[in-house]
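Asker: How does the following fold in three dimensions:
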Amino acid sequence: MVLAVALTALLVVAPAHLAGVRRAVTPASEAGPLLEADVVHVDDGDTVDVRIGGRDERVRYAGIDAPEIAHGPTPGTRGGREAASANAALVAGRHVTLEVAAQPRDRYGRLLAYVWRDGVMVNAELVRLGWARVMTIPPNTRYRQVLQTLQSEAQRAGRGLWALGGAGLSVGTRQSPHARSARWRRGPPARSSAASPPRSRAHAIARGRR
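Answerer: Sure thing, here's the model as predicted:
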């Protein structure tokens, strides 16, 4: 049984472009494995390449979807370049913590994670700014409720893509009917000895692309 942990009473001062973001504490048992990483490339609005202990991984942000940018012969979607720029402003060249999702890989082999920088979940920040929409696919529904709330706020305020009429985005989401309530912004929970997957497993996982 998970013990309730009180939300922190203090606001955490974030960098200027993240001002006003609140950090809360969530029981560590509700979080996935934690991996420390450095962002080496921003692919688009919801995908980055990171370096973890000398190996590279492609990471797809769990719980959200951003419009596409052009990849080779595949054309991009309206708003895709702006979403990629917003993502780059948050994480390019930065050290981040990856909270691995319940289902850790997608069909392309990409690592699925909630990406934290300076106590801010980047996935949620992109939704709040209006550059991504909610797309929670079971079993990765950990922050569904808060992401939906942020999306509604962005729509009402006409931020980002919603100022373009939601260009590049479909409002519908894929959600678990039994998804747990999510908690708002927090720093990732303290690392435990069981936080990281075994090294042999990590090396066996291949990177994937869209």
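Asker: Which parts of the longest strand anywhere in the chain count as buried, going by neighbours?
Answerer: In the chain, with assignment by DSSP state E, the single longest strand is strand 95-105. For strand 95-105, the neighbour count (16 or more other C-beta atoms under 10 Å) marks 96-101, 104 as buried. No exception for glycine: its C-beta is placed from N, CA and C like everyone else's.
Asker: can you map out the helices along this protein?
Answerer: 80-91, 122-129, 144-157, 199-204 (DSSP state H).
Asker: highest average neighbour count across those?
Answerer: Highest mean neighbour count among the helices of the chain (mean count of other C-beta atoms under 10 Å): helix 122-129, with a mean of 26.
Asker: ok, now which ones touch the residue lying closest to Arg117 once chain neighbours are set aside?
Answerer: If you skip the residues right next to it in sequence, Arg117 has Val96 as its closest partner in space, 4.9 Å away by C-beta to C-beta, 6 or more residues apart in numbering. With C-beta atoms under 8 Å, 6 or more residues apart in numbering as the criterion, the residues that contact Val96 are 36-39, 50, 115-117, 122.
Asker: Now rank these by neighbours and give me the top one.
Answerer: Neighbours here mean other C-beta atoms under 10 Å. Within these, the largest count is held by Val115, at 29 neighbours.
Asker: low pLDDT regions in the chain?
Answerer: Residue ranges of the chain with pLDDT under 70: 1-30, 166-210.
Asker: if I look at Tyr61, how far off is Leu34?
Answerer: As judged by C-beta to C-beta, to the nearest Å, Tyr61 and Leu34 stand 16 Å apart.
Asker: thinking again about what came up before, what strands line up against the longest strand of the chain, and which way round?
Answerer: strand 34-42 (antiparallel), strand 111-117 (antiparallel) (DSSP bridges).
Asker: a markdown table for these, including distance to Gly130?
Answerer: Formatted as a markdown table, the entries for the strands paired with strand 95-105 read as follows, by distance: least, C-beta to C-beta, whole Å:
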| stretch | distance to Gly130 |
| --- | --- |
| strand 34-42 | 18 |
| strand 111-117 | 18 |
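Asker: returning to what we had before: beta partners for the residue nearest to Arg117?
Answerer: Legend: beta-bridge partners of Val96 under DSSP bridges are Ala37.
Asker: can you list the contacts of Val96 in TSV and add distance to Glu57?
Answerer: Formatted as TSV, the entries for the contacts of Val96 read as follows, by distance: C-beta to C-beta, whole Å:
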residue	distance to Glu57
Glu36	12
Ala37	7
Asp38	11
Val39	11
Val50	5
Val115	12
Trp116	16
Arg117	16
Val122	16
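Asker: need the buried residues of strand 95-105 in a markdown table with distance to Gly130, can you?
Answerer: Formatted as a markdown table, the buried residues of strand 95-105 follow (distance: C-beta to C-beta, whole Å):
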| residue | distance to Gly130 |
| --- | --- |
| Val96 | 21 |
| Thr97 | 24 |
| Leu98 | 24 |
| Glu99 | 23 |
| Val100 | 26 |
| Ala101 | 23 |
| Pro104 | 28 |
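Asker: Quick one: the helices of the chain as TSV, columns for distance to Ala66 too.
Answerer: Converted to TSV, the helices of the chain look like this (distance: least, C-beta to C-beta, whole Å):
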stretch	distance to Ala66
helix 80-91	4
helix 122-129	7
helix 144-157	12
helix 199-204	26
